[in-house]
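A.B. asks: Sequence first, then the predicted structure, then my questions.
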Amino acid sequence: MEPVISGVSYVLVHTPNLLVHYGTTQRLERHKDPASSYLKDIYGNLRDYEAALVYPPYQAYIGNLSPDKLEQVERPWYEGSKVEAKRFGSYGEIMPEDEFYAWMQRVDAFDLVWLEKGFVEEIKERLRQHPLWTAEDTSKLGAGKDGETIVKRIEDGSAVPLTLGDRIVGCVRRAHEVDENLKAHVMAENTACKASAVLALRSLVNRGGVKAEEIDYIIECSEEACGDMNQRGGGNFAKAIGEHCGCSQATGSDTRAFCAGPAHALVEAAALVKAGIFRNVVVVGGGAVAKLGMNGREQVAKGMPILEDVLGGFAILISQNDGQNPIIRTDSIGKHTIGSGSSPQAVMQALVAEPLDRLGLKITDIDKYAVEMQIPEFTEPAGAGNVPVANYRMIAALAVMRKEIERKQIPEFVQRHGMPGFAPTQGHIPSGVPVIGFVRDRILAGEMQRAMIIGKGSLFLARMTNLFDGISFLIEGNPGPQGEEDHIDRDTIRRLIAESMRNIAEAFLREQEQGGE
């Protein structure tokens, strides 16, 4: 029973004010030099919602622009209006920050997110018109809090602000007086992660393919960790997210592996479905507030706006084989082992060459590779270059070493088997998974046969090991029904086994009655 990818959703949330207050780059700048010119002019360097909507990579992320079409859009992408601005796409949406604050309040289970009552009245009607917002959500939103009470909480240090420019529209309160893991800043980060993941999962269910109550298991794979002073990463984001999406029959857990987390989670989901333990497993990830504006200083220094202004989110449904949707090949998973080595050549050998060798495939047999799909305009000003292209060139170089292509064919390989980066630098968000929607559509349309998803992670950032990390898997076209046996459900199998055992028992008893041995 091969696992298939039967649904995807991708969402972005434009959060310039969360960027200012909670992005790590900005927080460190305030700590080191609160009078810096970067902070002084920061609001003048932020994009408004309309500019975010018209940004071509964001339109590609939510499915309104294919990676092929994005590559044809003239750069710099952040200048002018080069594509149509659409809030909703075939995979999800780009949400404005004011509405997102309401979603943060909605998913808060401990009355920690307070919104000012005048602000609640302003946005309530827009929320009612949203396809994922329900009457119950409106009821839970309530009437809001008095503005003076919110300001007092911020001033006494027991809460952190939610703002729109210089206007305070709410706050996030601390969940404990002394626990550093439950302070207001951490609760704001975790609630934003949870809310963006809820938005992605609701979007997935809304697009059909599965009912919320049919989801058996949820794996959450962001880069945040929730817990208290006794278990800082105890979790569980997964069940907390499912609780707000109607997944009444689901359980779940959190998987963490830095940027490689989503790829690990998808392999786990595929294994659970392949084993018959669960029928429908969702892998979901919310956004990382800390990484908003991560390269902002460098972008502003080069005369650019601060581009890392969105939280990312996604949800991917892995189900039992329906004879139609693309399958995940579980018989040849690529893994960067403890002994693999950390050189670029060793990484690509472990993640690309070895799993293909086991299947008798060449590197050139894969239609598209997805590695680290960061938007190049985010990383180039900071000196990191075009990350996707660098990865494709390393894969091409490996193909040269294996004599599958000639060195002069490297640019052609990159063009044919690569894609432009179109995901925000949210760590886990760009790591392979953004292309799954596009790949699924192309395979279903008969325009592609195979793609390889590669997740890579920097485990050394936790200061527990110097090791690198990575895992990969193949997505292939579904060969269709493979015979009647593939369609026998588990209840039928149990019935057949029970009948066989009953027949054996009856034959044994007859022999005993007749004096047999």
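C.D. replies: Arrived safely.

A.B. asks: What does the pLDDT read for residue 494?
C.D. replies: Here the pLDDT value assigned to residue 494 is 64.

A.B. asks: So which residues of the stretch 301-450 of the chain form strands?
C.D. replies: 310-319, 327-335, 368-370, 450-457 (DSSP state E, counting those that start in this stretch).

A.B. asks: Could you single out the most deeply buried of the ones you listed?
C.D. replies: strand 310-319 (a mean of 28; mean count of other CB atoms under 10 Å). Backbone N, C-alpha and C define where each C-beta goes, glycine included.

A.B. asks: secondary structure element for residue 12?
C.D. replies: strand 4-14 (DSSP states H and E).

A.B. asks: again but with residue 103, I slipped
C.D. replies: Going by DSSP H and E, residue 103 is in helix 97-107.

A.B. asks: continuing past that helix, what's the next helix or strand?
C.D. replies: Next along from helix 97-107, by DSSP H and E: strand 113-115.

A.B. asks: who's in contact with the helix or strand just after that next one?
C.D. replies: For strand 113-115, the succeeding helix or strand toward the C-terminus, using DSSP H and E, is helix 117-128. With contacts defined as CB atoms under 8 Å, 6 or more residues apart in numbering, helix 117-128 is touched by 98-99, 101-102, 133, 137-138, 141-147, 169-170.

A.B. asks: could you give the angle of helix 117-128 to helix 97-107?
C.D. replies: 90 degrees (axes from the mean of the first three to the mean of the last three CA atoms, to 10 degrees).

A.B. asks: And helix 117-128, what's buried?
C.D. replies: 119-120, 123, 127 (16 or more other CB atoms under 10 Å).

A.B. asks: hang on, the earlier thing: now a PyMOL select for only the buried ones of the contacts of helix 117-128.
C.D. replies: Per 16+ other CB under 10 Å, the buried members of the contacts of helix 117-128 correspond to this PyMOL selection:
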select buried, resi 98+99+101+102+133+137+141+144+145+147+169+170
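
A.B. asks: Filter the contacts of helix 117-128 down to just the ones in strands.
C.D. replies: 169-170 (DSSP state E).

A.B. asks: Please identify which of the contacts of helix 117-128 is nearest to residue 391.
C.D. replies: Residue 391 lies nearest to residue 99 out of the contacts of helix 117-128, by CB to CB, at 35.1 Å.

A.B. asks: Tell me where the chain is predicted with low confidence.
C.D. replies: Within the chain, the segments meeting pLDDT under 70 span 482-496, 498-499, 515-517.

A.B. asks: how is it carved up into domains?
C.D. replies: 4-112+174-482, 490-517 (automatic domain parsing).

A.B. asks: So which elements touch the strand holding residue 12?
C.D. replies: helix 49-53, helix 56-61, strand 92-95, helix 97-107, helix 184-206, strand 310-319, strand 327-335, helix 436-444 (3 or more CB pairs under 8 Å, 6 or more residues apart in numbering; DSSP states H and E).

A.B. asks: and the angle for that strand with helix 436-444?
C.D. replies: 140 degrees.

A.B. asks: how close does residue 303 get to residue 49?
C.D. replies: For residue 303, the distance to residue 49 equals 22 Å [CB to CB, to the nearest Å].

A.B. asks: let me redo that: residue 438
C.D. replies: From residue 438 to residue 49 the distance is 25 Å (CB to CB).

A.B. asks: The two: which is more packed in?
C.D. replies: For residue 438 versus residue 49, neighbours defined as other CB atoms under 10 Å are more numerous around residue 438 (26 against 17).

A.B. asks: That one contacts residue 69, correct?
C.D. replies: No - here residue 438 lies out of contact with residue 69, judged by CB atoms under 8 Å, at a distance of 10.7 Å.

A.B. asks: give me every residue that touches the closest residue to residue 380 other than its chain neighbours.
C.D. replies: Leaving aside its sequence neighbours, residue 380 sits nearest to residue 386 (CB to CB, 6 or more residues apart in numbering; 6.5 Å). Contact partners of residue 386, counting by CB under 8 Å, 6+ apart, are 376, 379-380, 421.

A.B. asks: ok, so of those, who is nearest residue 466?
C.D. replies: residue 379 (23.2 Å).

A.B. asks: What is the neighbour count of residue 323?
C.D. replies: Residues near residue 323, counting by other CB under 10 Å: 14.

A.B. asks: how deep is the nearest residue to it once chain neighbours are set aside tucked in, by neighbour count?
C.D. replies: Leaving aside its chain neighbours, residue 323 sits nearest to residue 481 (4.7 Å; criterion: CB to CB, 6+ apart). Using other CB under 10 Å, the number of residues around residue 481 comes to 12.
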